[in-house]
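In: Show me how the following folds:
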Amino acid sequence: MKRNLVRSLLTVVFLLAMGALPALAQETFSVATTPINVRGEGLKEAIGPVILGATTTGTIVTNSAIYITFPAGVTVTGPGALNCNFATPCPTMTATVPTATPNVLQISFTGSVALVPGNTITASGLRVNANALLSTSVVTLYAGLSAVVPPASLATNPIGFLQPSVPVAYVQPHATTVTGTTLTELSCVTVDGDFTITVTENFTTAFTSFSDEAALTPPPAPAPTNGLQILITITNVPAGVTITAPSTVTPIAPSTVTATLDVSSIATVVSTGAPISFLYDLTTTTASATTIDSILFDFTADFPTSLPTGLPSPAVATVSLSPTAPLTPIPLFAVGNVEGTVNAIAISDCITTFLFPWVTNFNYAGSTAANAHYDTGIVIANTTTDPFVPPSAKPPGGGALRQSGTCSLTMFPDDGSAPVPYVTPVIGSGTSLVFTAGGAYPGKSGYVMGTCNFQNGHGYAYIVDNAGLGDPHTAANYLGLIVPNTNIWPRNPASVVGCGPFGSLLGGEGGTGAPCGTGESLGQ
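Out: Numbering: from 1, shown residues only. Below you'll find the model as predicted:
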């Protein structure tokens, strides 16, 4: 088993010569341990054993006690197991966690115990609330050693320790790292597809199955009731979208970790708009304790033919460790722990984004010169009506999906003044709209940028002089630039969310990233 650490042998070497210690019936212990990594999200994390090794010949008298004390706030789930290498079971001693001091394991001696050098008493199978020490960096969990002896025997049979405290665990700030891929969709025409979530452990013992947990807990410690469970909750999934979860999770080589969908989860869920959750049980782990393991969850999303506009985007998948309090399973994790999030589904409205680099309505007051009076005409064509086979044909044709909508186009003046917004009337499918800078942005010059609420828009701009004085003269003309849908293909390359079924989404605006699909450029 991957975390079968407690069952391994620990050789304790005692370096102090007996002749160097007082010739009393006292007992002095050397203290050894095997610290292990534990999950900072955990409320009942197994820790390494504490081994008390006798270095003198002595007697522990009746009603003495040894205390293994953890920092305040660190509760102990026990009592764990006591093992003695000189007798089985350990003679006349019991282990308890006092109600008044839940951070203490108390070893009580109900009768006297005679020890010689080399005898050991091992406290193992303990679990602690590691979450009490959760930090942004690794925190070492120490166990302090102390003892009490009846007053009458304090002078003759004291108990001492060569190490006042020992490390028993390293509390890791995060058990796993979460990554994934995003399924991108357009609201007007959807394509079924997949999104993935990959969970990778941050240290070699972060993933534990039930058998791993059992191997770490020898009787009579409270037995584990489960292994690690991974809870995936997906929010903002539009109503009517069907999400199908994998029943078995795929390990990523060289890992052999597997997980199965818990019986409490339904594999296929039709969204009502409420959060959707899938719970997975870790079933097996690799035999190597040196492998960083990863598991891949591959989800399928099935969509209606179209979705309403203005949907929240993206749908977000959140990964947590489970189960959580106030339940009582072993192991157990803190409420609200979040291992990471993945933008599962990014939905964008069907749009065309335009850029007209130079639009002017320059007028020089008092001048009658033609070159002192400019205006710009802008034409926007809604080409979603075309002569090609309609997309509703079987098999789907290559024609456009007919759409109509307004355009919101903003002028960014070259003089640094406030942007000037302009909203066009509705432009129907198969029609064109003509307007002028003089009507939309009077007296302003600069670039115009914005979106139309339909795909396959195309623009044309023509600049004239002598505007308002007489017959205008065409001074320049150009085609409007089409910018890919910025909700899916950000203009900032660092914001790219992934690729989907509609074309290349890499490299930012005008980028040269390799295509990840085929089809018309987004937004056109």
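
In: residue ranges of the strands in the stretch 201-350 of the chain, please?
Out: Shown for the stretch 201-350 of the chain, the strands assigned by DSSP state E, counting those that start in this stretch span residues 229-235, 242-244, 250-251, 258-261, 268-270, 276-284, 294-302, 315-322, 340-348.

In: Which residue of this structure lies farthest from its centroid?
Out: residue 368 (66.0 Å; C-alpha atoms, centre = their mean).

In: circling back: mean neighbour count, mean pLDDT and distance to residue 356 added to the strands of the stretch 201-350 of the chain, as JSON lines?
Out: In short, each C-beta sits where N, CA and C put it, glycine included. Converted to JSON lines, the strands of the stretch 201-350 of the chain look like this (neighbours: other C-beta atoms under 10 Å; pLDDT from 0 to 100; distance: least, C-beta to C-beta, whole Å):
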{"stretch": "strand 229-235", "mean neighbour count": "21", "mean pLDDT": "98", "distance to residue 356": "38"}
{"stretch": "strand 242-244", "mean neighbour count": "18", "mean pLDDT": "98", "distance to residue 356": "41"}
{"stretch": "strand 250-251", "mean neighbour count": "18", "mean pLDDT": "86", "distance to residue 356": "49"}
{"stretch": "strand 258-261", "mean neighbour count": "19", "mean pLDDT": "94", "distance to residue 356": "52"}
{"stretch": "strand 268-270", "mean neighbour count": "13", "mean pLDDT": "98", "distance to residue 356": "44"}
{"stretch": "strand 276-284", "mean neighbour count": "21", "mean pLDDT": "94", "distance to residue 356": "43"}
{"stretch": "strand 294-302", "mean neighbour count": "19", "mean pLDDT": "96", "distance to residue 356": "37"}
{"stretch": "strand 315-322", "mean neighbour count": "22", "mean pLDDT": "97", "distance to residue 356": "34"}
{"stretch": "strand 340-348", "mean neighbour count": "22", "mean pLDDT": "93", "distance to residue 356": "22"}
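
In: could I get the ones you listed as JSON lines with distance to residue 67?
Out: Converted to JSON lines, these look like this (distance: least, C-beta to C-beta, whole Å):
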{"stretch": "strand 229-235", "distance to residue 67": "34"}
{"stretch": "strand 242-244", "distance to residue 67": "52"}
{"stretch": "strand 250-251", "distance to residue 67": "44"}
{"stretch": "strand 258-261", "distance to residue 67": "40"}
{"stretch": "strand 268-270", "distance to residue 67": "51"}
{"stretch": "strand 276-284", "distance to residue 67": "35"}
{"stretch": "strand 294-302", "distance to residue 67": "41"}
{"stretch": "strand 315-322", "distance to residue 67": "31"}
{"stretch": "strand 340-348", "distance to residue 67": "39"}
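
In: Compare those strands and give me the one nearest residue 162.
Out: Proximity to residue 162 (C-beta to C-beta) singles out strand 315-322 among the strands of the stretch 201-350 of the chain, at 37.8 Å.

In: in its sheet, what does the closest one sit against?
Out: Partners of strand 315-322 in the sheet, by DSSP bridges, are strand 229-235 (antiparallel), strand 340-348 (antiparallel).

In: before we move on, the earlier item: model confidence for the residue farthest from the centre of the chain, exactly?
Out: Predicted confidence (pLDDT) for residue 368: 83.

In: thought it was touching residue 466?
Out: No: at 9.5 Å, residue 368 and residue 466 do not qualify as touching, with contact defined as C-beta atoms under 8 Å.

In: Out of the strands of the stretch 201-350 of the chain, the one nearest residue 163 is which?
Out: Among these, strand 315-322 sits nearest to residue 163 (C-beta to C-beta), with 32.9 Å.

In: Pull the residues that contact that closest one.
Out: 39, 41-42, 175-176, 178, 180, 195, 197, 199, 228-238, 279, 299, 333, 336-347 (C-beta atoms under 8 Å, 6 or more residues apart in numbering).

In: Leaving out chain neighbours, which residue sits closest to the residue nearest the centre of the chain?
Out: The centre of the chain sits closest to residue 340, judged by C-alpha atoms, centre = their mean, with a distance of 1.1 Å. Ranked by C-beta to C-beta, 6 or more residues apart in numbering and with sequence neighbours excluded, the top spatial neighbour of residue 340 is residue 178, at 2.7 Å.

In: so when I look at the one you found, I'm seeing a strand, right?
Out: Yes: assessed with DSSP: H, G, I helix; E, B strand; the rest coil, residue 178 lies in a strand.

In: what's across from it in the sheet?
Out: Bridge pairing for residue 178 - DSSP bridges - gives residue 199.

In: pLDDT at it, what is it?
Out: So, for residue 178, pLDDT stands at 98.

In: likewise residue 291?
Out: 85.

In: Can you list the low-confidence ranges for the chain?
Out: 1-25, 285-289, 393-395, 488, 493-524 (pLDDT under 70).

In: Would you mind splitting it into its domains for me?
Out: For the chain, automatic domain parsing gives the domain ranges 18-172, 176-348, 352-483.

In: for the longest one, how far is the first residue from the last?
Out: In other words, domain 176-348. 31 Å (C-alpha to C-alpha, to the nearest Å).

In: Please apply the same query to the last one.
Out: Looking at domain 352-483, the gap from its leading to its trailing residue is 8 Å under the measure C-alpha to C-alpha.

In: Stretch 399-412 now?
Out: End-to-end for stretch 399-412, by C-alpha to C-alpha: 35 Å.

In: roughly how far is that stretch from the heart of the chain?
Out: Computed by C-alpha atoms, centre = their mean, to the nearest Å, the chain-centroid distance of stretch 399-412 equals 36 Å.

In: Reformat the strands paired with strand 315-322 into JSON lines and put distance to residue 409 next to each item.
Out: Shown next, in JSON lines, are those (distance: least, C-beta to C-beta, whole Å):
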{"stretch": "strand 229-235", "distance to residue 409": "34"}
{"stretch": "strand 340-348", "distance to residue 409": "19"}
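
In: ok, longest helix in the chain?
Out: helix 210-215 (DSSP state H).

In: Just the CA trace of that one, in PDB.
Out: The C-alpha coordinates for helix 210-215 follow below in PDB (Å, rounded to 0.1, in the frame of the first residue of the first chain):
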ATOM      1  CA  PHE A 210      -9.500   3.000   2.100                       C
ATOM      2  CA  SER A 211      -6.900   0.300   2.200                       C
ATOM      3  CA  ASP A 212      -4.100   2.900   2.600                       C
ATOM      4  CA  GLU A 213      -5.900   4.500   5.500                       C
ATOM      5  CA  ALA A 214      -6.500   1.100   7.200                       C
ATOM      6  CA  ALA A 215      -2.800   0.300   6.900                       C
END
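
In: Having no further points to raise, I will conclude here.
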